[in-house]
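Student: Need the 3D shape of this:
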Amino acid sequence: MRLKPALIVTMLLTASVASNRTICMAEDAHQLVMLGRQLNRDDVAALEKELQEKPDDIESRTKLLGYYFINERNDAAAKTAKQRHILWLIKNAPEAEVLGLPYSYVHKIINPEGYDQARQSWLHVIEKSPENLSILQNASRFFLVQDPQIAEKLLLKGKSLDAKNPHWSVSLGQLYSLQLRQHPTEPEQTAIAEKAFQQYEQAYNLSDEEGKDALLSYLAKTAFAAHRMEDAKKYARQMLGNQTPGWNLGNRIHNGHLVLGRIALAAGDIDEAKSQLILAGKTCGSPQLDSFGPNMLLAKELLERGETAVVLEYFELCKTFWKSPHQELDRWIDDVKSNRIPQFGGNLAY
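Tutor: Take a look at the predicted model:
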């Protein structure tokens, strides 16, 4: 299995037929959702009418999910319609690729009743087809964040049935990495980080070269969290030693230097940590960095030690690749100049 970043999936509009239904590949499903986001109300009404005659039209349902996904917050009818299509797909086409994408997720807190309905539907489908890998994969993604115990059980099942596929170990690594945020203190954090590292390492050993390259950052970060400093250093240097052009080059530069900086800081070498932070800011950027922005964990740790000048320099370097639409960097600069540590939010995890 070749691991690809979600932001650069190849979007093809081909489809395969399974069980007399059109089941789209993941790339196709994403593209169909994007098309759905461009629909107007008349288009939606026409597709809904067509589904009354052809309920098995998975492509139309996928497009509609794209439309309802971006309209559900401000339109109660869109929220209801989205729920209806998700439930239909789970019950009638649980292998549909769109069910493995965020457009088919239901928020447990925002929509508890809808979540419970989808949850029960997934559990019923799994009970009927406990060894269907596509169903296990889609269901595990649905539960990954909101019901991690169920997700773990499904992923371990998939891994036992499909042992040579790195997908299951990658997903388990993601599952355990998410749990790190819920256990910020020792010794729970170290134990969870160790579990994540072990899964990522197993996935690495099963992956092709592109997949291995994509996993290096996860390996280095979880190794650091598990206090495996030599492993963290090894994978960070491996990232920096690979200058092959491509979508991941900027990520390798950024993450490799940040991990080495955190290792230096943990060892008490503040000067080396500062040097590594600046080198991380000199990345060429990437689809991920350009969109979501740079990681701020090392910057925050240095601010906590009073090292404001180097962090401000890092912010300026990050402006070259992160054109933040909400001016986060400018706000963070103002915070630091006012002797405040910014609220970095998700940029502590990216």
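Student: in stretch 78-96, what's buried?
Tutor: Neighbour counts over stretch 78-96 (16 or more other C-beta atoms under 10 Å) mark 78-79, 81-83, 85-90, 93-96 as buried. Heads up, the C-betas are built off the backbone N, CA and C, glycines and all.
Student: Kindly report the same for stretch 207-226.
Tutor: Applying a neighbour-count criterion of 16+ other C-beta under 10 Å, one finds 207, 211-226 buried in stretch 207-226.
Student: gap between it and the chain center?
Tutor: Using C-alpha atoms, centre = their mean, to the nearest Å, the mean C-alpha position of stretch 207-226 is found 14 Å from that of the whole chain.
Student: Check what contacts that stretch and list those residues.
Tutor: Residues from elsewhere that reach stretch 207-226 (C-beta atoms under 8 Å, 6 or more residues apart in numbering): 1-5, 166, 170, 173, 177, 180, 189-190, 193-194, 196-197, 200-201, 203-204, 229, 231-232, 235-236, 238-239, 242, 244, 248, 251-252, 255-256, 259, 262-263.
Student: same question, stretch 197-206
Tutor: Outside stretch 197-206, the residues that touch it by C-beta under 8 Å, 6+ apart are 164-167, 169-170, 172-173, 176, 211-212, 215, 218-219, 222-223, 225-226, 228, 231.
Student: Ok, stretch 270-279 next?
Tutor: Applying C-beta under 8 Å, 6+ apart, the contact partners of stretch 270-279 are 253, 257-258, 260-262, 264-265, 298-299, 301-302, 305, 307, 310-311, 313-314, 317.
Student: pLDDT on that stretch, on average?
Tutor: Mean per-residue pLDDT for stretch 270-279: 98.
Student: just stretch 250-260 next, same as before
Tutor: Regarding stretch 250-260, the rounded mean pLDDT is 98.
Student: could you dump that stretch to CSV, C-alpha only?
Tutor: Extracted C-alpha coordinates of stretch 250-260, given in CSV (Å, rounded to 0.1, in the frame of the first residue of the first chain):
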residue,chain,number,x,y,z
GLY,A,250,9.8,21.0,3.2
ASN,A,251,8.2,18.9,5.8
ARG,A,252,11.4,16.8,6.3
ILE,A,253,13.5,20.0,6.7
HIS,A,254,11.0,21.6,9.1
ASN,A,255,10.2,18.5,11.3
GLY,A,256,13.8,17.1,11.3
HIS,A,257,15.2,20.3,12.7
LEU,A,258,12.4,20.8,15.2
VAL,A,259,12.9,17.3,16.6
LEU,A,260,16.7,17.8,16.9
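Student: Measure how far that stretch is from the centre of its chain, please.
Tutor: Counting by C-alpha atoms, centre = their mean, stretch 250-260 is centred 18 Å from the centre of its parent chain.
Student: now do stretch 206-217
Tutor: Put simply, stretch 206-217 sits 16 Å off its chain's centre (C-alpha atoms, centre = their mean).
Student: Give me the mean pLDDT for that stretch.
Tutor: Stretch 206-217 comes out at a mean pLDDT of 96.
Student: need the strands for the chain, in chain order.
Tutor: Taking DSSP state E, the strands of the chain run over residues 15-18, 21-24.
Student: give the contact list for the closest residue to residue 85 other than its chain neighbours.
Tutor: Of all residues not flanking residue 85 in the chain, residue 61 sits nearest, at 5.1 Å (C-beta to C-beta, 6 or more residues apart in numbering). Shown in contact with residue 61 (C-beta under 8 Å, 6+ apart): 51, 85, 88, 89, 96, 98.
Student: coming back round to it: hey, least reliable of the strands of the chain by pLDDT?
Tutor: strand 15-18 (a mean of 28).
Student: Surely residue 82 and residue 73 touch.
Tutor: No - the criterion here is C-beta atoms under 8 Å, and residue 82 misses it with residue 73 at 10.7 Å.
Student: rewinding a little: mind listing which of the contacts of stretch 270-279 are in helices?
Tutor: Counting by DSSP state H, the contacts of stretch 270-279 place 253, 257-258, 260-262, 264-265, 298-299, 301-302, 310-311, 313-314, 317 in helices.
Student: hey, where'd the helices end up in the stretch 201-350 of the chain?
Tutor: 209-225, 229-241, 249-266, 270-281, 287-292, 297-303, 308-318, 328-337 (DSSP state H, counting those that start in this stretch).
Student: So for residue 57, which of those sits nearest?
Tutor: Closest of those to residue 57 is helix 287-292, at 32.0 Å (criterion: C-beta to C-beta).
Student: by contact count, what packs against that closest one?
Tutor: Using 3 or more C-beta pairs under 8 Å, 6 or more residues apart in numbering; DSSP states H and E, the elements in contact with helix 287-292 are helix 249-266.
Student: Pull the distance from the helix it packs on to the chain's centre.
Tutor: With C-alpha atoms, centre = their mean as the basis, helix 249-266 stands 20 Å off its chain's centre.
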